[in-house]
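K.L.:
Model the following, please.
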Amino acid sequence: MSIRSSDSESLYNLLDRQNVIDRVTLYAFYLDRQDWTGFRGCFTDKLEIDFSDFNGRPATVVPADEFIAFDKELLSGITTQHLIANHVATINKPKATLVADAFASHHRSHPTPADYDIHGVYHMELMQIDNDWKISSVQLRRLWTEGDRSVLG
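P.N.:
Here you go, the predicted model:
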């Protein structure tokens, strides 16, 4: 049995697709554990951030370390759970895009217990750097929210 070049290409495309999905999964995994070193490893050195649906500010390009510092401060004192599902990944090396449904739950215990949940859609762009996929753009579009927005400051 021989492997045709088209079979080999299909296998590489599947591996790339899975690696892109894994990178986005790690984004949520490290964020929820507030593992800032692991979280930083998910990104290119600079990335475009677009949370305009939540803060009204236009998309901007920032150093990844600045984005990490912002998240670290924003999530200080709260517990989160980010679930990302229904991934649609498109690979066009060395770039990839991923669109996926998102649910982010934020819980504050002190001083007054409260929750804030976000239901939305992530649009991410990734770059392949040294055979590793890194997130270069994050956009979160809001579908709806529930709870106390003050949980996030």
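K.L.:
now what about the helix or strand harbouring A100, what contacts it?
P.N.:
According to DSSP states H and E, A100 maps onto strand 95-108. Contacts of strand 95-108 with the rest of the structure, by Cβ atoms under 8 Å, 6 or more residues apart in numbering, involve 16, 20-21, 24, 75, 77-90, 113-128, 133, 140, 147, 151-152. In this view, the C-beta of every residue, glycine as well, is placed from N, C-alpha and C.
K.L.:
Tell me which entries of those residues lie within strands.
P.N.:
Per DSSP state E, strands hold the following members of the contacts of strand 95-108: 78-90, 114-128, 133, 140, 147.
K.L.:
Drop the exposed ones from these and show what's left.
P.N.:
Neighbour counting by 16 or more other Cβ atoms under 10 Å classes 78, 80, 82, 84, 87, 89, 114, 116-118, 120-122, 124-128, 133, 140 among the ones in strands among the contacts of strand 95-108 as buried.
K.L.:
for this protein, which helix is longest?
P.N.:
Counting by DSSP state H, the longest helix found in the chain is helix 5-33.
K.L.:
Check the offset of it from the chain's centre.
P.N.:
How far helix 5-33 lies from its chain's middle: 13 Å, per Cα atoms, centre = their mean, to the nearest Å.
K.L.:
Please tell me how far the residue lying closest to H119 once chain neighbours are set aside sits from Y122.
P.N.:
Spatial nearest neighbour of H119, chain neighbours left out: L143 (4.7 Å); criterion: Cβ to Cβ, 6 or more residues apart in numbering. Distance, L143 to Y122, by Cβ to Cβ, to the nearest Å: 11 Å.
K.L.:
Buried residues, the helix or strand I68 falls within. List them.
P.N.:
For I68, the enclosing helix or strand under DSSP H and E is helix 64-74. Residues 64, 67-68 are the ones in helix 64-74 that count as buried (16+ other Cβ under 10 Å).
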